[in-house]
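K.L.:
for reference, the sequence and a predicted model appear below.
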Amino acid sequence: MKFVLIFGPQAVGKMTVGYELEKITELKLFHNHMTIELLAPYFGFSREMWGLVNKFRQDIFEVTAASDMYGMIFTYVWGFDLQSDWDYVDAVCKIFEDKNGEVYFVELETDLEERIERNKTPFRLEHKPTKRDIARSEQDLKRTMEEHRLNSFEGEIKRENYLRINNTKLSACEVADIIKNKFNL
């Protein structure tokens with residue numbers, strides 16, 4: 001079992017890269033908005049919604065880790081200044097590692113101007129209805145960036161299977177190829 005965690009700020013290209021990586025490997029994409037978009041229409045962005053999101057994800061991770069599936073891609077906005085996010089990432093990785101799975105970290109970074117443009121793309125809006133209010137989504141993108149550190153410091157991530165890519169000027173296909181080749185997926 002292979003577990004590829006793609007992380008970075010909003011609109012950096014995590015989901016799009018994940019879709020491209022899924023096309024060229026046997027990995028299955030489980031992007032973070034799959035559970036959000038399922039539950040937001042019922043509960044809004046409430047504590048109840050986030051509780052269910054976490055329960056659904058936990059169950060999906062556990063079932064996947066115990067399966068004979070080749071592997072999974074998961075996307076995540078990681079607040080490096082939040083101990084709770086570090087704890088969450090460790091807990092998710094442990095689910096796979098406890099079943100002898102291999103964990104791969106892929107960190108994406110992109111210039112703010114490019115992220116603002118990517119925030120409006122039809123592909124993103126098709127798969128993330130909660131992002132369709134562009135003004136609100138852009139405001140959230142900027143606010144989150146101001147309140148939290150969404151990319152790691154040099155040397156902060158100690159995992160052996162770690163790759164950081166500045167994908168400002170790279171296509172999602174190019175990034176997926178880099179990931180596939182680096183980790184032999």
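P.N.:
It's in. Residues are numbered from 1 along each chain as shown.
K.L.:
CA atoms for contacts and neighbours, from now on please.
P.N.:
Fine.
K.L.:
confidence score at residue 124?
P.N.:
Listed pLDDT for residue 124 reads 68.
K.L.:
how many residues are close by residue 143?
P.N.:
11 (other C-alpha atoms under 10 Å).
K.L.:
next: the one 4 residues further on.
P.N.:
Other residues near residue 147 come to 10 when the count uses other C-alpha under 10 Å.
K.L.:
roughly how far does it sit from residue 179?
P.N.:
29 Å (C-alpha to C-alpha, to the nearest Å).
K.L.:
only alpha carbons, please: show the helix ranked longest in the chain as CSV.
P.N.:
Among the segments of the chain that qualify as a helix by DSSP state H, the longest is helix 47-65. The C-alpha trace of helix 47-65 is given here as CSV (Å, rounded to 0.1, in the frame of the first residue of the first chain):
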residue,chain,number,x,y,z
ARG,A,47,-18.3,21.9,14.0
GLU,A,48,-20.7,19.1,13.2
MET,A,49,-19.6,19.1,9.6
TRP,A,50,-15.9,19.0,10.5
GLY,A,51,-16.6,16.2,13.0
LEU,A,52,-18.2,14.1,10.3
VAL,A,53,-15.5,14.9,7.7
ASN,A,54,-12.9,13.6,10.1
LYS,A,55,-14.9,10.5,10.9
PHE,A,56,-15.5,9.7,7.2
ARG,A,57,-11.9,10.3,6.4
GLN,A,58,-10.7,8.1,9.3
ASP,A,59,-12.9,5.2,8.2
ILE,A,60,-11.8,5.6,4.5
PHE,A,61,-8.2,5.6,5.5
GLU,A,62,-8.5,2.6,7.7
VAL,A,63,-10.4,0.5,5.1
THR,A,64,-8.0,1.6,2.4
ALA,A,65,-4.9,0.7,4.5
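K.L.:
which strands or helices does the helix or strand following that helix pack on?
P.N.:
Counting by DSSP states H and E, the next helix or strand C-terminal to helix 47-65 is strand 71-76. Counting contacts by 3 or more C-alpha pairs under 8 Å, 6 or more residues apart in numbering; DSSP states H and E, strand 71-76 packs against strand 2-7, helix 14-24, strand 28-30.
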